[in-house]
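Q: here is a sequence together with a model predicted from it:
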Amino acid sequence: MLACSSELLPIALSPALSSFEAQLRDAGFDVASCDPEDARIVEDSAGPMARSAAVFSQSNPKGNEAMLAHVDAVLASWTTERRLEDECVLELYAGSGNFTRLLSKWAHDVLAVEASTDASALLRRLGLLNVEVVTCSAEEALRALSARPEHPPSSSRSSPPSPSPSSSSSSSPSPQPLVASKALFSSSPFPETSRLEKLKGIGKIMFVDPPREGLSEDVVARIGALLPRGLIYVSCAPATFARDVGRLGRHGLSLRRLRMFELYPQTPHLELIAEFWP
């Protein structure tokens, strides 16, 4: 996306800019002249989308449509494989909602986490009724979900608490299955809403679309502690994605399916959509 501040743009450059816009349109790009502070609503195969020059959006609309179609097909298959329609999906790095719209379509609820205030504001404008938008970092969100003040993480996820002294004290304890409640969110960045009462088991299904830096070690460790039944990972950087495949694998999540999309011809960058599960 090319953003220019109108008050700083020399008048002499206007004809050249208009010619450049025409060339971009002829090449198949989606071009719009707008103030960076303004947003406009556009439509694609996933529905309405709010866009602003101040917030990232995919620059290749046809490539993005291909990615949306693939994610839609994956979520449709997960409806039967993982009962997605009964789950609250945890979406990290939600942006302005490119994929949130599809998650909203297939999942019971979506907890969409985005650190950018501008992007999360655009996402809220979509008015998705089963989506709770939270403005905080992925690290903050996962820490809040792992806090569990009413149930200290002192036992294994796979078995009920046991008083037996034979439990290993050397290994790091894993949190119990999560149940969202007002007590859990009271001291976290999450909003107090009536819908939080039904957001049970947050983290069983996750969707992540991080920037090129990929997932931080803290995020990977906390995802591994939650050990979701399914994780969809969208990446724009093969190198950091390959690193994260190894990290997630060490936490029990294996790469099962991978699809690549060429959105940036003649560059080393690819868009990757991967499916992980234990």
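A: On my side now, so go ahead. Numbers count the residues shown, from 1 in each chain.
Q: so where's this structure shaky on pLDDT?
A: 1-17, 30-40, 53-54, 56, 147-201 (pLDDT under 70).
Q: that one: strands as residue ranges?
A: 39-44, 47-52, 88-92, 109-114, 131-135, 205-208, 230-235, 254-261, 271-277 (DSSP state E).
Q: which residues touch A221?
A: By C-beta atoms under 8 Å, 6 or more residues apart in numbering, A221 lies in contact with H251. Placement of C-beta: from N, CA and C, glycine included.
Q: what about the spatially closest residue to A107 that is not a sequence neighbour, how many residues nearby?
A: Counting by C-beta to C-beta, 6 or more residues apart in numbering, A107 lies nearest to V89, which is 4.4 Å off, once chain neighbours are set aside. Counted with other C-beta atoms under 10 Å, residues neighbouring V89 total 28.
Q: coming back round to it: quick one: which of the strands of the chain is nearest D244?
A: D244 lies closest, by C-beta to C-beta, to one member of these: strand 230-235, at 7.2 Å.
Q: W277 versus the closest residue to V208 other than its chain neighbours, what's the distance?
A: Closest residue to V208 apart from its sequence neighbours, by C-beta to C-beta, 6+ apart: L92 at 4.6 Å. Per C-beta to C-beta, to the nearest Å, L92 is found 17 Å from W277.
Q: more crowded one of these two?
A: L92 (23 against 19).
Q: of the strands of the chain, which approaches P61 most closely?
A: strand 39-44 (7.1 Å).
Q: what about the helices in the stretch 151-278 of the chain?
A: Remark: helices assigned in the stretch 151-278 of the chain by DSSP state H, counting those that start in this stretch are 182-185, 217-226, 238-250.
Q: deepest of the ones you listed, which one?
A: Among the helices of the stretch 151-278 of the chain, helix 217-226 has the highest mean neighbour count (mean count of other C-beta atoms under 10 Å), at a mean of 18.
Q: can I get the strands of the chain in JSON lines including distance to A221?
A: JSON lines is the format used below for the strands of the chain (distance: least, C-beta to C-beta, whole Å):
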{"stretch": "strand 39-44", "distance to A221": "35"}
{"stretch": "strand 47-52", "distance to A221": "33"}
{"stretch": "strand 88-92", "distance to A221": "14"}
{"stretch": "strand 109-114", "distance to A221": "17"}
{"stretch": "strand 131-135", "distance to A221": "20"}
{"stretch": "strand 205-208", "distance to A221": "14"}
{"stretch": "strand 230-235", "distance to A221": "14"}
{"stretch": "strand 254-261", "distance to A221": "17"}
{"stretch": "strand 271-277", "distance to A221": "15"}
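Q: so which of those gets nearest L122?
A: The nearest among the strands of the chain, by C-beta to C-beta, is strand 47-52 at 4.1 Å.
Q: CA atoms of the closest one as PDB?
A: C-alpha atoms of strand 47-52 as PDB (Å, rounded to 0.1, in the frame of the first residue of the first chain):
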ATOM      1  CA  GLY A  47     -17.700 -10.100   2.800                       C
ATOM      2  CA  PRO A  48     -17.200  -6.400   3.800                       C
ATOM      3  CA  MET A  49     -13.700  -5.200   4.800                       C
ATOM      4  CA  ALA A  50     -12.700  -1.900   6.300                       C
ATOM      5  CA  ARG A  51      -9.500  -0.500   4.800                       C
ATOM      6  CA  SER A  52      -7.300   2.500   5.600                       C
END
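Q: okay, and the beta partners of the residue nearest to A107?
A: V110 (DSSP bridges).
Q: that one and S104 touch, don't they?
A: No - V89 sits out of contact with S104 when judged by C-beta atoms under 8 Å, with a separation of 9.0 Å.
Q: quickly list what's touching both of these two.
A: V110.
Q: the helices of the stretch 151-278 of the chain: which one's closest to S19?
A: Short answer: helix 238-250, nearest of the helices of the stretch 151-278 of the chain by C-beta to C-beta, at 35.1 Å.
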